[in-house]
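What follows is a predicted protein model with its sequence.
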Amino acid sequence: MEPRRQDFERADYAWMVIASVVFFLLVAIAAWRALHAEWQPIQRQFRTILEGHDQIEAARRFDLGIRQIWNPEIGVVDRCVTCHLGYEWGSRLPADLPQPFAPHPALSYLDQHPFTSFGCTVCHGGQGWATQSAAAHTGGEHWDDPMLSKALALRYGLAQSQLIQMRCNYCHRHDLSTPGMDEINEAKVLFKKKKCLVCHAVEGRGGLTAPELTYFGDKNPELFDFSRVDGPRTVFNWNFQHLMDPDKVSPKTTHPTFGFQPEQAKALTLMLLSWKRNSFPPQYIPRPIEIAEAPYKIVNVAPEPPMVPGADAGRQVFHTRGCAACHTVGAGKLLGPDLQGVGTRHDQNWLREWLADPAAVIRAHPDLANWPQEYEGVLMPNQNLSPAEIDALAAYLSRL
Amino acid sequence: MTARERAGALWRRLTWTWQPASELESGDAIVRNLWLHWFPAKVARASASWNYSLWLGAASAILFLILNVTGLLLMFFYVPSTERAYGSMKDLDYAVTLGWLLRNQHRWAAHAMVGVVFLHMARVFFTGAYRGQRAWNWLVGLALLLSTLLASFTGYLLPWDQLAFWAVTVGTNIAREAPLIGGWIRFVLLGGSEIGQNALLRFYVLHVFFLPAIMWILFAYHMWRVRRDGGLAAVEPIRLARAVQPKAVPATKSYSLFGLTRGTSVVVRSSTELEEKDEVFSSPNLTRRLVLVFLIVFNVTLLWSLLAGAPLEEAANPAVTPNPAKAPWYFLWLQELVASTTIPIGGIRISGGLIGGIVVPGILLSVAAIWPWLDRSPADSEGVWFPPRRRRQNLTFTLIFAVIIALILIDVFLRGPYWHLYWPGTAWPTMPRSL
């Protein structure tokens, strides 16, 4: 009988051995990686720190593993505490432990914002899901919510605590002012004082001549024109430089140059970037605090111009309803005309009609159709003044 | 029994080996085994060789198996909801033990499968292995190719990140350009007119049930037809050679009155049957090589998964379009065709969606489907690589294949923000960020 034919390629055996060895090697590498996560030596080190500070019982109960603060109500999954293990040990461990073991500073508002329900990223930003240092802190290329670190704050000439106020304002947006949020508080006052709502609309209130700002912080960074912005192309830089010098950043803008101090422009930028579409359950929305109750000072805000005793109501309307954002009396043309001598150009009846509805006046007088062109194409917004305010303002203007 | 003997016995049990002692045992091993019985007992040497098939079909099937196993495990962690899907990815990457490996291997094996299936199709074309009755299996193969693309595409949406959301936006917008039924196809696929929860759920159900089920059925039929059609086309040249080489006439032996007549009795002078020297027993030759191919394919996906993480961008955001937004790589050549046939004339843009998205791939697919019946190359150009008498059609196929690959490479590596071309070495502009 013919012997059984030999296998046609002996080389297969050698390849089989090589492939098997490679297979076991790769499986071993995968297993090794699973057992040597970045956080494991850090947790062991923390256990020795506990032992070194007479926390023997705590060290004994300390199990290795991924830790997280989880609060589905506000979407917090913060695994930061896998490595940042000392955060709530402020009373029992020394405050000068190096990161990631340093206890969290005992801040006054932590009582109302307990770690267990607010986590870390609510204030600090960064990628809470991550259990690797680089991914958690910078978030990598694909994480547009970086940790608000000291270094990042320094890039904008801010302290970390100032930069973080941006995130505080996600919830505290509707506070008149909030303890500890000095920059944002100042921005809120400036926003009112400079009558931004004359042109901008926010949450259904305000003018229609400038962009709506309710969720300005969500605006796609690519929609900003960075061609005249110095430094890194970030939305922060665009807004800061636009507030400092609108004409430089957007040459055709009608935005007034308010002459902000850099601190004021930064504060306003922080507030603008904080206006995002967030959905927090009602119990997380803080009770508005009246400005009178506020136990802190508001910095850098110039006082309201003193009212002249006995001055007429028209002058008061002029200064409280935002006219001064675009008009001066005798100091030259801003966005609108200088009102010095307006009383000689128009009578009181005309002024009343104009103040009640500028667009209607333009419609009624076709010869005035080109008027807005002289003022950068902007027609004066209708301020919805009451009849009493109109009368007072018209009387005031006619005397100028 | 001493401890040493016991250890020896244990070692032998762990490192068992099997070597059939006879041909009967070899044949029985195939027929009696549930998993192996769909192999023939004997297989042509040419079919099992490395250089003929390159084992690309087997590699596709092995990748499909890897995808099924890793996919089943991923189903324990994945939640197909717009709120939870992205978080599931982060959990797999950061919190689940070896979850990153599972996700990486599933992702890379999927990419590899699309590529290997394409290459398998190219091999079948170059060797003219779709002729005659094998034409039907060519059609089944095309259906498997489309199912593979669709399975990969439906899986692409599931991570619910920017990459997923906008790749599927590009893909389904191309589908909309199909005349008459395009809008309807898109609506049915997405379960609405926008990519949202309904689309995610539909893609999920298609991805984890319908497409794999269709592919298993088609795969079984594909394999059954391979055997029905007489094995791989590699045996055809052997059969042909056999048929034109008559066997020597054996001496006539007759004990009847016919023995008195002249000439020979009835004998088979030529046959297309394979002879013993052309074949080997499937067990262990084919089965061992299959295990080897499995190990190689598995090792490649494992190594790839250890070296590179599966991509995951920001959570899906319909309000922010990434720049550039790209379709999955195997559809990028279509996106390039769509983009380059979109021509602005005055104020009007002529959309290239119809030409690039429907007409070109439609023609390619239709021609591929009827090609076995158009192919007029002679019989001796079957089952061999690059036969001289098929040079023209092989060159045409190579050209189309090369153009597709070139377009894909251009789009993957050179297309940057605003769909501009950036040559290698030139930096892409940094896109603005919020902070």
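It's in.

how about stretch B:319-328: buried residues?
B:320, B:322, B:323, B:324, B:326, B:327, B:328 (16 or more other Cβ atoms under 10 Å in any protein chain shown). All C-beta atoms are positioned from the backbone trio N, CA, C, and that covers glycine.

and chain A, which of the residues you listed contact it?
Filtering those for proximity to chain A (criterion: Cβ under 8 Å from any Cβ of the partner chain) leaves B:320, B:323.

of all the buried residues of stretch B:319-328, which comes closest to chain A?
Using Cβ to the nearest Cβ, residue B:320 is the member of the buried residues of stretch B:319-328 that lies nearest chain A, at 4.7 Å.

which residues touch that closest one?
By Cβ atoms under 8 Å, 6 or more residues apart in numbering or on different chains, the residues touching residue B:320 are A:220, A:222, B:162.

From the contact counts, what lies against the stretch of helix or strand residue B:86 belongs to?
Using DSSP states H and E, residue B:86 sits in helix B:85-94. If you count contacts as 3 or more Cβ pairs under 8 Å, 6 or more residues apart in numbering or on different chains; DSSP states H and E, helix B:85-94 packs onto helix B:99-126.

check contacts around residue B:118.
Here residue B:118 is in contact with B:145, B:330 (Cβ under 8 Å, 6+ apart).

Please apply the same query to residue A:200.
By Cβ under 8 Å, 6+ apart, the contact list for residue A:200 reads A:206, A:207, A:210, A:211, A:212, A:213.

Any chance of a ChimeraX selection covering the buried ones in these?
The ChimeraX selection below is limited to those of those classed as buried (16+ other Cβ under 10 Å):
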select /A:206,207,210,213
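
So which of the contacts of residue A:200 sits lowest on pLDDT?
Ranked by pLDDT, the contacts of residue A:200 bottom out at residue A:207 (77).

Quick check: that residue touching residue A:201?
Yes. At 6.3 Å, residue A:207 and residue A:201 qualify as touching, with contact defined as Cβ atoms under 8 Å.

and stretch A:250-264, how far apart are its ends?
One end of stretch A:250-264 to the other measures 20 Å (Cα to Cα, to the nearest Å).

and residue A:379, helix, strand or coil?
Under DSSP: H, G, I helix; E, B strand; the rest coil, residue A:379 falls in the coil class.

Now do the same for the residue nearest to it when sequence neighbours are not counted: its pLDDT.
Spatial nearest neighbour of residue A:379, excluding adjacent residues (Cβ to Cβ, 6 or more residues apart in numbering or on different chains): residue A:372 at 4.6 Å. Here the pLDDT value assigned to residue A:372 is 74.

any chance you could map the strands in the stretch 151-300 of chain A?
For the stretch 151-300 of chain A, the strands defined by DSSP state E, counting those that start in this stretch cover A:201-202, A:205-206.

Looking at these, which one is packed in the most?
strand A:201-202 (a mean of 16; mean count of other Cβ atoms under 10 Å in any protein chain shown).

List the pairing partners of that strand within its sheet, with orientation.
Within its sheet, strand A:201-202 is paired with strand A:205-206 (antiparallel), according to DSSP bridges.

Identify the residues contacting the partner strand?
The list of residues contacting strand A:205-206 from outside it, by Cβ under 8 Å, 6+ apart, reads A:196, A:197, A:198, A:199, A:200.
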